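J.: please find the sequence and the predicted model below.
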Amino acid sequence: MNCPIDGVELITAKYEAAIEVDQCPQCDGMWLDCQELEQIQATLEHDHASQIKQLPDLVGNAYAMALARSRPELKCPRCDRTMERREHGGCSQVMIDVCPQCRGIWLDKDELVALEVFFERAQADTEEVRTGFFRRLLDLFD
């Protein structure tokens, strides 16, 4: 497979939990086959705790999303179909390119880390809400 950005041949690399991804040695973009993003999300091998504690750069991320939207559409490196560009998760502020045919995902440099930080932050926020809810519920009975 070749990189949809610069045409360089993608190399196989190990990511989290020995998940094999295809990475461009030139632009550091990454191709994930169907379900690999979910597998990466389910593992916690890389520690993003310091990034989670930082406030997200909402303005910078919005600017990056606007730039990504204006880029030419990419062709799927697996099946050569035009990929759909959209924000992952509806509020991650990370634009991804998804193939409507094979469901693979193209991520530009650093987008996988941004998604992992988003997933972990969302998980921590959910846990905080759940814990706080039950704590307040127990306070009602004291």
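T.: Okay, I see it. Residues are numbered from 1 along each chain as shown.
J.: please make it C-alpha for all contacts and neighbour counts, starting now.
T.: Will do.
J.: gap between Arg12 and Glu116?
T.: Just to correct that, residue 12 is Thr rather than Arg. 20 Å (CA to CA, to the nearest Å).
J.: quick one: which of those two has more around it?
T.: The neighbour comparison of Thr12 against Glu116 (other CA atoms under 10 Å) goes to Glu116, with 21 against 15.
J.: helix, strand or coil for the more buried one?
T.: Three-state call for Glu116 (DSSP: H, G, I helix; E, B strand; the rest coil): helix.
J.: from memory it sits against Gln41, does it?
T.: Yes: counting by CA atoms under 8 Å, Gln41 is a contact partner of Glu116 at 6.5 Å.
J.: where do the helices of this structure begin and end?
T.: 36-42, 49-53, 58-70, 111-141 (DSSP state H).
J.: give me the below-cutoff pLDDT ranges for the protein.
T.: For the chain, the stretches with pLDDT under 70 are 44-59, 63, 125-140, 142.
J.: beta partners of Trp31?
T.: According to DSSP bridges, the partner residues bridging Trp31 are Asp22, Trp106.
J.: hmm, Cys99 and it touching each other?
T.: No: look at Trp31 against Cys99 with CA under 8 Å: they stay out of range, at 10.7 Å.
J.: which one's more surrounded, these two?
T.: Trp31 (30 against 24).
J.: ok, the residue nearest to the spatial centre of the chain - contacts?
T.: The residue lying closest to the centre of the chain (CA atoms, centre = their mean) is Leu115, at 3.2 Å. For Leu115, the contact set (CA atoms under 8 Å, 6 or more residues apart in numbering) comprises Ser92, Val94.
J.: alright, that wraps it up for me.
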